Every structure is written in C-alpha cells, then in structure tokens.
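Predicted structure and sequence below. I'll ask about it afterward.
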Amino acid sequence: MTNLFQLMRTIAGAGKTIMCSKAISHVLHNRSLNDGKANIVYFFFDFNDIAKQSVEGMVRSLIYQLVAKADGVPKTVQDLYSKHQSVPSVASPPRPEEWQKVLIALLQDTGRLFVFVDALDECAESESQDLLETIQKLFKKGGAHAKWLLTARPSPRLLSFLQASGFIHSSMEEGAINSDIELHLKVRLESDTKLSSFGPKAKEMIISSITSKSAGM
Amino acid sequence: MLEQGKVHYKKVKDDLKNIQLNEEEARRAKAKADLLSWVSQVNYSSNYDAAQLRTCENDQSGDWFLKSRNFRGWSKATSRFGLLVTGICEFTL
C-alpha cells in the first residue's frame, strides 16, 4: 500500500519536475538569457531521496553550485570552512543560520542569476514552514537581480505565503486546460469545412481571443 | 657556446617555474575540491538529468508554460522576479 501511494505521488510529481527541467534547459540553452555569464542553480526536492528533503540540504547544495562556478573560493565560504574545519579534532558543523548567511552573501555577489527549486511539497513535512520562511528570506535579501522559479503542489497555505512574499502564481491547471483548448481549436479550424476557409491570420485571431478569455476558468 | 648555454639555462629556469606554478594550481584545486565536498555531497543534477533523458525531442508537455506570458516575463526580467508554478494533481490521504 505504501509503495502504491509512493508510486502515485511520484507520477504526480513527474509533471512538475519535467516542466522545471524544461525551464532550466530553456534558460541554459537560450543565448539571449545565458551568455555564459549567467549563473543557473537548482535544487529538486524528492520524496524518493532522503538527501533531498531538508532545507539545509537545499541551502548547502546551492552554496556548492555557486562556489563550484566561481573563480577560487569566495571569502565568506572560506571563512566558514576555516572556522569549522581548521582544527579537525574540535570540528563542528555550522548551524543552519550560518549556512544561510553564507548563501545570502553569495547570492548578493552574483550578477545574473536563475534559481530553480522543484517540488517544495516534497520537502520533509516537519520543515515545510522553515522552507517557506527560508525561501522568503533568500528571495528578499539575496540579490536584486535574482530570478526564482518554484514548483509545488497547490496548497492554500503555501500559495498565500509565497504570494505575500512577492511571488507571481502560475497554475499548470490553467495552462494545461488552455493548451488543450488551443489544440482542439486548431484541429477544428483545419478540419471543419466552413471554418477551414478562414485565412491563417483569422485562425490565429480566433485561437488567441478564445484562449485568452478562457484563462482562469 | 656560452650564448647557447645561457639560452638553455633560461629554458630550464622557465620550466621549473611552470612546474611550481602548476603545483600551486593543483594544490589550490585540491583545497577547493575538499571544501566543496564538505559543503555538500548531494547529487543535485540527477533529477534534471533523468528528466532530460525521459523527454524526447518532440515531447511537448510543458511547452505551454515556456510560451506563457508569466514565464516569458520572468525570463526576460532584469530585476528580482519570483514565479511559483503549481501542479495539477492533488492527493489527500
């Protein structure tokens, strides 16, 4: 039973993950967005991978990716490393706030930046509030040019929190319905004997005016 | 003869310097790798890689999103911009 439930959740999550991956790939391979200097970092929360269910795991992975791409090692990271690793016998792991501070400093120092976080709902349940607060903090403090794209299963709490933090909401439901309507219209406009006599411009207008009106239905 | 010796000596000196520089570079690369593995050992790209493999070139799922006004506005924005995309399926226990 647990396995079946897990499988269902995995299938439900796949749509978001494929979409997020497509968005990443689009930005990576689009020359006007990525001239080689843009920084593109991402983190995928994952029900099936224990290493991808914590807020600290996300923060540290984003630090890793930014440092890996930097020349040398940024001072803030070097300082944290020295502080905690210089004497291995008394080495202690940094506290979550310390990692967070370092990440904010790195985000502020990065010019063109795209951050993708997939499947917020696949973070451990016990950390879901911490996740939202952390993302809010990183988004507000980390870099005036940073662009964030998040995906999640819809939940009223998550929606209202992130919208209050300044995130614009886009629903796959609306988009998917709309693209289905568009597909249906295209088929009808080509196959219907009366409708197919319209020119391409007119057909385009019909499609765009109908799909724009049906958004949000 | 003396001139040749000087040239040779200079070459040896340059080679030595290069070796030292390379060693210094290797030492720095090793230090950075150590630091990085301390920061995170999560295989962050595995989900992305798997999704890339799963979607063949003519798979159009999700394309509506790349063409949507919200995504285009987001991708072209020059200042801070957050976009939240919510999925379709909702499961409740």
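Received the coordinates, thanks.

Quick check: which element contains A:Leu66?
Per DSSP states H and E: A:Leu66 is located in helix A:55-69.

what's next to that helix, contact-wise?
If you take CB atoms under 8 Å, 6 or more residues apart in numbering or on different chains as the criterion, helix A:55-69 is touched by A:39, A:41-43, A:45, A:51, A:73-74, A:77, A:96, A:99-100, A:102-103, A:106-107, A:110, A:115, A:117, A:123, A:127, A:130-131, A:134, B:32, B:35-36, B:39-40, B:42, B:44. C-betas here are computed from N, CA, C, even on glycine.

and if you look at stretch A:188-208?
Against stretch A:188-208 from outside (CB under 8 Å, 6+ apart): A:Glu182, A:Leu185, A:Lys186.

What residues sit buried inside it?
A:Leu189, A:Lys203, A:Ile206, A:Ile207 (16 or more other CB atoms under 10 Å in any protein chain shown).

Sort out which one of those lies nearest chain B for me.
Nearest to chain B among the buried residues of stretch A:188-208 is A:Ile207, at 12.7 Å by CB to the nearest CB.

Helices along the chain, start to end?
As the question left the chain open, I've gone with chain A. A:2-29, A:55-69, A:75-85, A:96-109, A:128-141, A:156-164, A:172-191, A:200-214 (DSSP state H).

Actually, chain B is the one I wanted.
B:2-39, B:46-54, B:63-67, B:69-76.

Buried ones in the longest one, by neighbour count?
For helix B:2-39, the buried set under the neighbour-count rule, 16+ other CB under 10 Å, comprises B:Lys32, B:Leu35, B:Leu36, B:Trp38, B:Val39.

is it true that the second one touches A:Gln78?
Spelled out, it's B:Leu35. Yes. Between B:Leu35 and A:Gln78 there is a contact under CB atoms under 8 Å: 7.4 Å.

In contact with the closest residue to A:Ile168 other than its chain neighbours, which residues?
Once flanking residues are discounted, A:Ile168 sits nearest to B:Leu83: 5.3 Å by CB to CB, 6 or more residues apart in numbering or on different chains. Going by CB under 8 Å, 6+ apart, B:Leu83 touches A:Lys147, A:Trp148, A:Leu149, A:Leu150, A:Phe167, A:Ile168, A:Ser170, B:Asn70, B:Phe71, B:Trp74.

hmm, try it at 6 Å
Neighbouring residues of B:Leu83 by CB atoms under 6 Å, 6 or more residues apart in numbering or on different chains: A:Leu149, A:Ile168, B:Trp74.

which of these has the most neighbours?
A:Leu149 (25 neighbours; other CB atoms under 10 Å in any protein chain shown).

in the sheet, who's paired with that one?
As for beta bridges, A:Leu149 partners with A:Phe116, B:Leu83 under DSSP bridges.

so how far is chain B from A:Ser160?
Distance of A:Ser160 to chain B, computed by CB to the nearest CB, to the nearest Å: 11 Å.

follow-up on the earlier one: dump the helices of chain B to TSV, plus distance to chain A and mean pLDDT.
Converted to TSV, the helices of chain B look like this (distance: least, CB to the nearest CB, whole Å; pLDDT from 0 to 100):
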stretch	distance to chain A	mean pLDDT
helix B:2-39	5	89
helix B:46-54	4	87
helix B:63-67	4	83
helix B:69-76	4	92
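
what's the burial count for A:Ala38?
Neighbour count of A:Ala38, defined by other CB under 10 Å: 16.

can you count the residues close to the nearest residue to it once chain neighbours are set aside?
In this structure, A:Ala38 finds its nearest non-sequential neighbour in A:Arg112, 4.2 Å apart by CB to CB, 6+ apart. Number of residues near A:Arg112 (other CB under 10 Å) recorded here: 16.

go on, B:Ala51?
21.

pLDDT at the nearest residue in space to it that is not next to it in sequence, what is it?
Among residues not flanking B:Ala51 along the chain, A:Ser21 sits closest, at 3.5 Å (CB to CB, 6+ apart). With respect to pLDDT, A:Ser21 scores 90.

hmm, back to that, is it possible to export the helices of chain B to CSV including distance to A:Lys194?
Shown next, in CSV, are the helices of chain B (distance: least, CB to CB, whole Å):
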stretch, distance to A:Lys194
helix B:2-39, 65
helix B:46-54, 41
helix B:63-67, 28
helix B:69-76, 31
